[in-house]
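> Provided below are the primary sequence and the corresponding predicted coordinates.
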Amino acid sequence: MSAPTAGGRPAQQPAYLDGNALAGPLSDVFAVDLTTAATHCTGCGAEGPLAGLRLYGRAPGLVARCPRCDQVVLRLVRTPEDAWLDLRGTATLRIRVPAD
Ligand SMILES: [Zn+2]
């Protein structure tokens, strides 16, 4: 049983994590840390770092939603041999790369 909060309701786990939790799973796919990459939501046009998305689920299926309109921006599913990355909710993903 959960400990009651000051308001008398039991404390609950948050429904989602912040997008920083994508760093580990995405590092299997990309050689750079994408949590600072800028995403552009196709639903509302919001732009912000990947770390600002709301992350739902646990591996192997992760769903990242826009914090403004709740649209699914990114899905990542891992199987033993493959990684499936669905970016349909992302208009653009701007990734900083070091200059040569
Ligand atoms: Zn949005």
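Great, that's in hand. For clarity, every value in this text was computed on a predicted model and none was experimentally measured.

> Please export the C-alpha coordinates of the lowest-mean-pLDDT helix or strand in the chain as PDB.
Lowest by mean pLDDT, DSSP states H and E among the helices and strands of the chain is helix 23-27, with a mean of 83. Taking Å, rounded to 0.1, in the frame of the first residue of the first chain, the C-alpha atoms of helix 23-27 are listed here in PDB:
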ATOM      1  CA  ALA A  23      19.500   8.400 -23.700                       C
ATOM      2  CA  GLY A  24      20.400   4.800 -23.100                       C
ATOM      3  CA  PRO A  25      18.000   3.100 -25.500                       C
ATOM      4  CA  LEU A  26      18.800   5.600 -28.300                       C
ATOM      5  CA  SER A  27      22.500   5.200 -27.800                       C
END
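
> Run through the neighbouring helices and strands of that helix.
Judged by 3 or more Cβ pairs under 8 Å, 6 or more residues apart in numbering; DSSP states H and E, helix 23-27 is in contact with strand 72-78. Every C-beta, even on glycine, is put in place using the N, C-alpha and C of the backbone.

> Next SSE downstream of the strand it packs on?
Using DSSP states H and E, the helix or strand that follows strand 72-78 in sequence is strand 83-86.
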